[in-house]
Structures are given as C-alpha cells and as structure tokens.
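> okay, here's the prediction I keep looking at, along with the sequence it came from:
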Amino acid sequence: DQQVKQNSPSLSVQEGRISILNCDYTNSMFDYFLWYKKYPAEGPTFLISISSIKDKNEDGRFTVFLNKSAKHLSLHIVPSQPGDSAVYFCAASPGGYQKVTFGIGTKLQVIP
Amino acid sequence: EAQVTQNPRYLITVTGKKLTVTCSQNMNHEYMSWYRQDPGLGLRQIYYSMNVEVTDKGDVPEGYKVSRKEKRNFPLILESPSPNQTSLYFCASSTGLAGGSEQFFGPGTRLTVL
C-alpha cells in the first residue's frame, strides 16, 4: 500500500520555465511533508518542507503547495535551471520521532 | 563539518555471510534511520531510532537488525544476507523535533549479495 505517491516517474522542462512536481498521499495522519533532491551517486538532500497548518511555503526558487482536502502537494521550481536536474522525492510523516514515508521519486530533466 | 558517514561505500558478499554497515553522525541528532533504494520503489525505511536504545521498525524490516548503543552510531546488521537485499542503502539523521525537521543523509552503501 503506497501511502505517498508520485505518479510521474519523469519530467522534462526547458531551462527558465516552471517545473511542477506532484505528490499525493493517503494517510490522514501525515502532518509534515518534505521534498528531497537526489543527484546520482549522492545521498538525498533536503529541499523544502511544509506542515499541515500551512498551504504554501517558499524558499527562493522553490515553493511547495499543500492541499489537505485533496491530500495533494506540489513543488514548483521557477525558473528551472540545468542544475535542478535530479530525482525529487516527496516524503511525509505524522510528526515527532515517527516513521517517514517516501514516494518513489520523479526524475526531472531541465533542458538548456 | 556536519555529516553522516557510512562504511563501507561498496560491498559485494555472498548469501548467508553476516555483515554490518556502519553509520555515524556528528550533529548530536536524536533521530537516525536506515533506508534502502530500489528501482521503481523509491526510498523505503528499514528501521529508525528515536534515541539511544530506542528503535522501531520501518516499512521493510525483515532480514535486518539495528542497534543504538551510542547516540552517534546506528549500525545496520544483516545476519544472513540474501540476494533480495541487494540494494543501495542510506543512513540518515535529524533532530526529530516537530516532525518536519530535515534528515541529513549519508552518501550511500551499494550492497550486492551473490
């Protein structure tokens, strides 16, 4: 049972345009949502997070939107840059010292 | 430098030969965790630990053991490895506070079980 779903395995975007990565979840107990970026041969690195009390969080070119009623979140990257080419993982947790559930990832390619 | 280290980075072994993958963090984090990454399955949590001597199962704990005797170390033990445990393994740590705290990941250990 996949509680965190990233339905697009890959995405290609032109440099300078917007990249939108989507994530759906099924567990109503999730209160915290995080995005990680992963380059080949490296461990994932934290990108941005959002708690369930918010519907938007921004950090520079990265914005995460949360729609609790739809159990959906998205990561927007504007403008996209070639260095953003990586696998992006969505993750969710009930909070505190609890289990973290990751999606299967979306491979983003930003074309120069 | 704040980091999570894993050893070894690469390991090829044979079925049934016990092995340990070490993980250490220098950030005084309470929360540590092990994940495996497989094609088409993403990152799946194996075990996690909230503090010394406190551990709990993640989504795929079968065939693995962990221990947390010191705050900085969280080794992953495969008592009798099998080919289906061939995977890329990541250790991670975080403060664990508020649930939304970011995890810091190690560089990964690529394990092949023949």
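Yep, it's here.
> quick one: secondary structure of the closest residue to A:Cys90 other than its chain neighbours?
Closest residue to A:Cys90 apart from its sequence neighbours, by C-beta to C-beta, 6 or more residues apart in numbering or on different chains: A:Cys23 at 3.4 Å. Any C-beta I mention is one placed from the backbone N, CA and C, and that applies to glycine too. Going by DSSP: H, G, I helix; E, B strand; the rest coil, the secondary structure assigned to A:Cys23 is strand.
> and A:Cys23, how far is that from A:Asn7?
The gap separating A:Cys23 from A:Asn7 is 9 Å, by C-beta to C-beta, to the nearest Å.
> which one of those two has more residues nearby?
A:Cys23 (25 against 10; other C-beta atoms under 10 Å in any protein chain shown).
> so the more buried one makes contact with A:Gln3?
No - assessed by C-beta atoms under 8 Å, A:Cys23 is found out of contact with A:Gln3, at 11.0 Å.
> quick one: low-confidence residue ranges for chain B.
Across chain B, residues meeting the criterion (pLDDT under 70) sit at B:96-100.
> is the worst-scoring helix or strand of chain A on mean pLDDT positioned near chain B?
Every helix and strand of chain A was ranked by mean pLDDT, DSSP states H and E. The lowest is strand A:101-102, at a mean of 92. Yes - looking at strand A:101-102 against chain B by C-beta under 8 Å from any C-beta of the partner chain, the contacts come from A:101-102.
> for chain A, what are the nearby residues on chain B?
Residues of chain B lying near chain A (C-beta under 8 Å from any C-beta): B:4, B:30-31, B:33, B:35, B:40-45, B:48, B:50-51, B:56, B:58-59, B:90, B:92, B:96, B:98-100, B:102-108.
> select only the buried ones of those residues in PyMOL?
Command for PyMOL, covering only those of the residues of chain B next to chain A found buried under the criterion 16 or more other C-beta atoms under 10 Å in any protein chain shown:
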select buried, chain B and resi 4+30+31+33+35+42+43+44+45+48+50+58+59+90+92+96+99+100+102+103+104+105+106+108
